[in-house]
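Chemist: give me the fold of what follows.
(chains A and B)
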Amino acid sequence: MLYNEPSPLETRVLSRRFGLPNSASLETYLATDGYQGFLKAAGMKPEEIIEEVKISNLRGRGGAGFPAGMKWGFVPRTSPKPKYIVVNADESEPATCKDRVLMENDPHQLIEGVLIAGLAVGAHAGYIYVRGEYRYLIEIMDKAIAEAYANGWLGKNVQGTGFDFELYTHTGAGAYECGEESALLESLEGMRGIPRIRPPFPAVVGAFQCPTVLSNVETFCAVPAILRDGGAAFAALGVPRAGGTKMTCLTGHVNKPGVYELRIGFPVKQMIEEVGGGIRNGRKLKALIPGGSSCPVLTAEECEGLTMDYDAMAARKTMLGSGGVIVMDEDTCMVKAAMRIMRFYAHESCGWCIPCREGTTWLRKILVRLHESGGTRGDIDLIGDIARNMLGRTFCPLGDAAAMPTISIVEKFRSEFEEHLAGRPCPYESAGHMVVV
Amino acid sequence: MTFSPQLEARFERLLKSYPEGRQRAAMVPMLLYAQDEVGHISDELIEEVARRVGVTALQVNEVLSYYSMLHRQPLGKYHVQICTNISCLLHDGDKLWEHACKKLGIGHKETTGDGQISIEEVECIGACSWAPAIQVNYDFHHFVTPEKLDQLLDSLRKKP
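Modeler: Got it, this is the predicted structure:
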């Protein structure tokens, strides 16, 4: 089911079946061009499939934005080892709730995307790694997979094409870190979710030490449309270096929060005002995080003229990330926001490398203290110092994910930290809009 | 240990899902699915899963301590997980958490005396656009207000 009303401003490619009766069923899927992309791909050479995905300018939707076609091209197809497709459905980046909607409303689209990736790289097995909290989605995916097997869309000799493919679900059990690709692979193999050093990258040494394509749910879900309608049509929906649409999760202080499919390059202001129905209670925008809590924050001024696109975000020194948009109005206490974000990263740091483990812990302590009972002027600089010393010094991006929003919040909202130095009450708390921890 | 036929079937499927010799991959899913049936991860369950996937109990212990959803102690029959992460915080998820603590007289990962309800302040559960959100066992509740939470907790107290 859908948890929010769709918007007329959406470009519905991945969400085109949302709202149809029994949208998750094979019957509905087949009646609406389902598996046509796979059938087309089955008649193509692997290089041609990869080329089509390259033409589409599809970039990874999990957060990193790496070009999907290029990633597929890195898999050594002639390697004698088995190859695997792994779907990252560990959706855990705060503000991100789109993969849930994709799997719930159209599970066969994901299965078809995986099958096409399998054809392209010569893989015959795949795993969907679903976060443990999403138990109902495992049931939905298992049901769809069983339906696909029963009707010859999975298993031996899929639809008489001579292509074999086995697909399984795998559950996590509560760990943000397992959304990081190499930690996910460790977890899939029955280990603690500790990241692996790279290179080698998963394309060469991935699941069970074999070549692997590992991508986000939304990335795979875009693939059937690319094969069905052509890479160029998908590319044309977006901007020159990024094709298609982005499942965008509007969260925070908007009147109509929800998951909306917007073309890449959609204007940020229009997204807030028209798709999101504006800031609630007629208030003004103070800050926005565009792609999940690990992205640097933008001020209201920085959102002017900005579009939801990888390069436009990079030009403002932030990221499109996972598409989890956090809208904060003028009454938001930015010290409290920074503190809550850091509490999360300190909780989720796997502890493997010291800059992240110690850095997030100390930052949490300083930020909690500052928000609860004030601090010294030196604390504000100390936050920046510690965060900058984590950047680029960790095995995996969790350290950066914790440091980047923190550095940007301190730099852009320093006066709020200074207002907190004298201790309680927090200036925003006394205004009656936001409470203390 | 004996499990329900459904769980046994799931275990059998799981053990066949991974490449030959890689059966320890089934460990975490087996632990989580078993926990749902037996309530928590007991020493006996650890031994059982270790035996079935072909590792030592120590290796299972090492892995399970990493995952926040795997519990070594029994929780309430209804485990109420309240998200206070950033998107929920902006919709007063922290107030909901305080409200639940006060109402039940228990804290983080504690259980009411009758064993009915336990509560946990959790990190992002993936319901950010429908905040504030909570999960009761695996069921999501969106756009939760203190009044809705009161009604929910009252019904859980009496629920069989």
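Chemist: setting aside sequence neighbours, what's the nearest residue to the residue most central in space within chain B?
Modeler: By C-alpha atoms, centre = their mean, chain B has its centre lying nearest to residue B:69, at 4.9 Å. Distance criterion C-beta to C-beta, 6 or more residues apart in numbering or on different chains; nearest residue to residue B:69, sequence neighbours excluded, is residue A:174 at 3.4 Å. The C-beta positions use only the backbone N, C-alpha and C, and glycine is treated the same way.
Chemist: helix or strand: which one has residue A:199?
Modeler: Counting by DSSP states H and E, there is no helix or strand that carries residue A:199.
Chemist: tally of neighbours for it?
Modeler: Neighbour count of residue A:199, defined by other C-beta atoms under 10 Å in any protein chain shown: 8.
Chemist: how much space between it and chain B?
Modeler: 23 Å (C-beta to the nearest C-beta, to the nearest Å).
Chemist: now do residue A:171
Modeler: 5 Å.
Chemist: tell me what that residue is bridged to.
Modeler: residue A:130 (DSSP bridges).
Chemist: so what's it up against?
Modeler: Residues near residue A:171 by C-beta atoms under 8 Å, 6 or more residues apart in numbering or on different chains: A:129-132, A:135, A:138, B:28-29, B:32-33.
Chemist: between these, which sits nearest residue A:333?
Modeler: residue A:131 (29.4 Å; C-beta to C-beta).
Chemist: using the three-state scheme, assign residue B:1.
Modeler: At residue B:1, secondary structure determined by DSSP: H, G, I helix; E, B strand; the rest coil is coil.
Chemist: burial of it, as a residue count?
Modeler: So residue B:1, with other C-beta under 10 Å, has 12 neighbours.
Chemist: per-residue confidence at it?
Modeler: Per-residue pLDDT puts residue B:1 at 91.
Chemist: residues in contact with it?
Modeler: B:38, B:44-45, B:48.
Chemist: pull the helix or strand hosting residue A:144 out as CSV, backbone CA atoms only.
Modeler: Secondary structure assignment for residue A:144, by DSSP H and E: helix A:135-150. This file holds the C-alpha atoms of helix A:135-150, laid out as CSV (Å, rounded to 0.1, in the frame of the first residue of the first chain):
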residue,chain,number,x,y,z
ARG,A,135,10.3,-8.5,8.0
TYR,A,136,7.1,-8.0,6.1
LEU,A,137,9.1,-7.2,3.0
ILE,A,138,10.9,-10.5,3.2
GLU,A,139,7.5,-12.2,3.2
ILE,A,140,6.5,-10.1,0.1
MET,A,141,9.7,-10.8,-1.7
ASP,A,142,9.6,-14.5,-0.9
LYS,A,143,6.1,-14.7,-2.2
ALA,A,144,7.0,-12.9,-5.4
ILE,A,145,10.1,-15.1,-5.8
ALA,A,146,8.0,-18.2,-5.3
GLU,A,147,5.5,-16.9,-7.9
ALA,A,148,8.3,-16.2,-10.3
TYR,A,149,9.7,-19.8,-9.9
ALA,A,150,6.3,-21.3,-10.3
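Chemist: before we move on, the earlier item: my guess is the residue nearest to the centre of chain B is in a helix, correct?
Modeler: No - assignment of residue B:69 by three-state DSSP gives coil, placing it outside any helix.
Chemist: who touches it in this structure?
Modeler: Contacts of residue B:69 were listed using C-beta under 8 Å, 6+ apart, and they are A:132-133, A:173-174, B:32, B:35.
Chemist: of these, buried ones?
Modeler: By neighbour count, with 16 or more other C-beta atoms under 10 Å in any protein chain shown, those hold A:132-133, A:173-174, B:32, B:35 as buried.
Chemist: just those residues now: which is nearest residue A:273?
Modeler: residue A:133 (32.4 Å).
Chemist: so the closest one touches residue A:174, yeah?
Modeler: Yes - judged on C-beta atoms under 8 Å, residue A:133 makes contact with residue A:174 at a distance of 7.0 Å.
Chemist: which stretches of chain B form strands?
Modeler: Under the criterion DSSP state E, chain B contains strands at B:78-83, B:110-111, B:117-122, B:134-136, B:139-141.
Chemist: thinking again about what came up before, neighbour count for the contacts of residue B:1 - can I get that in JSON lines?
Modeler: Putting those into JSON lines (neighbours: other C-beta atoms under 10 Å in any protein chain shown) gives the following:
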{"residue": "B:38", "neighbour count": "16"}
{"residue": "B:44", "neighbour count": "10"}
{"residue": "B:45", "neighbour count": "22"}
{"residue": "B:48", "neighbour count": "21"}
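Chemist: those in helices, which ones?
Modeler: B:38, B:44-45, B:48 (DSSP state H).
Chemist: from the residues you listed, which single one is nearest chain A?
Modeler: Each of these was scored against chain A by C-beta to the nearest C-beta, and residue B:45 proved nearest at 13.7 Å.
Chemist: what pLDDT does that closest one get?
Modeler: Reading off the model, residue B:45 has pLDDT 98.
Chemist: now do the helices in chain B.
Modeler: B:5-15, B:27-38, B:43-53, B:57-64, B:86-89, B:93-104, B:146-158.
Chemist: return the residues in contact with the residue nearest to residue B:14 when sequence neighbours are not counted.
Modeler: Leaving aside its sequence neighbours, residue B:14 sits nearest to residue B:26 (C-beta to C-beta, 6+ apart; 4.3 Å). Contacts for residue B:26 (C-beta under 8 Å, 6+ apart) come out as A:190, B:11, B:14-15, B:17-18, B:52-53.
Chemist: quick check: residues of the stretch 101-250 of chain A near chain B?
Modeler: Taking C-beta under 8 Å from any C-beta of the partner chain as the contact definition, the stretch 101-250 of chain A meets chain B at A:127, A:131-136, A:168, A:170-176, A:187-193, A:208, A:249-250.
Chemist: follow-up on the earlier one: check what pLDDT the residue nearest to residue B:69 gets.
Modeler: Confidence for residue A:174, expressed as pLDDT, is 96.
Chemist: please verify my assumption that it contacts residue B:65.
Modeler: No - in terms of C-beta under 8 Å, residue A:174 does not count as a neighbour of residue B:65; the distance is 11.7 Å.
Chemist: against chain A, how distant is residue B:4?
Modeler: When residue B:4 is compared with chain A (using C-beta to the nearest C-beta), they lie 16 Å apart.
Chemist: and the pLDDT for that residue?
Modeler: pLDDT at residue B:4 comes out at 98.
Chemist: tell me the average confidence for stretch A:85-101?
Modeler: On average, stretch A:85-101 scores 97.
Chemist: C-alpha coordinates for it, PDB please?
Modeler: Output in PDB follows, covering the C-alpha atoms of stretch A:85-101 (Å, rounded to 0.1, in the frame of the first residue of the first chain):
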ATOM      1  CA  ILE A  85      24.100 -10.400  -7.900                       C
ATOM      2  CA  VAL A  86      23.600  -8.900  -4.500                       C
ATOM      3  CA  VAL A  87      20.800  -6.400  -3.800                       C
ATOM      4  CA  ASN A  88      21.300  -3.900  -1.000                       C
ATOM      5  CA  ALA A  89      17.900  -3.700   0.700                       C
ATOM      6  CA  ASP A  90      19.500  -2.800   4.000                       C
ATOM      7  CA  GLU A  91      17.900   0.700   3.800                       C
ATOM      8  CA  SER A  92      19.100   2.300   7.000                       C
ATOM      9  CA  GLU A  93      20.300   5.800   6.100                       C
ATOM     10  CA  PRO A  94      18.200   8.100   8.300                       C
ATOM     11  CA  ALA A  95      15.500   9.900   6.200                       C
ATOM     12  CA  THR A  96      15.500   7.100   3.600                       C
ATOM     13  CA  CYS A  97      12.300   4.900   3.200                       C
ATOM     14  CA  LYS A  98      12.000   4.400  -0.600                       C
ATOM     15  CA  ASP A  99      13.300   0.900  -1.100                       C
ATOM     16  CA  ARG A 100      10.600  -0.200   1.300                       C
ATOM     17  CA  VAL A 101       7.900   1.300  -1.000                       C
END
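Chemist: could I get the pLDDT score of the nearest residue to residue A:298 once chain neighbours are set aside?
Modeler: Once flanking residues are discounted, residue A:298 sits nearest to residue A:288: 4.9 Å by C-beta to C-beta, 6+ apart. Note for residue A:288: predicted pLDDT of 98.
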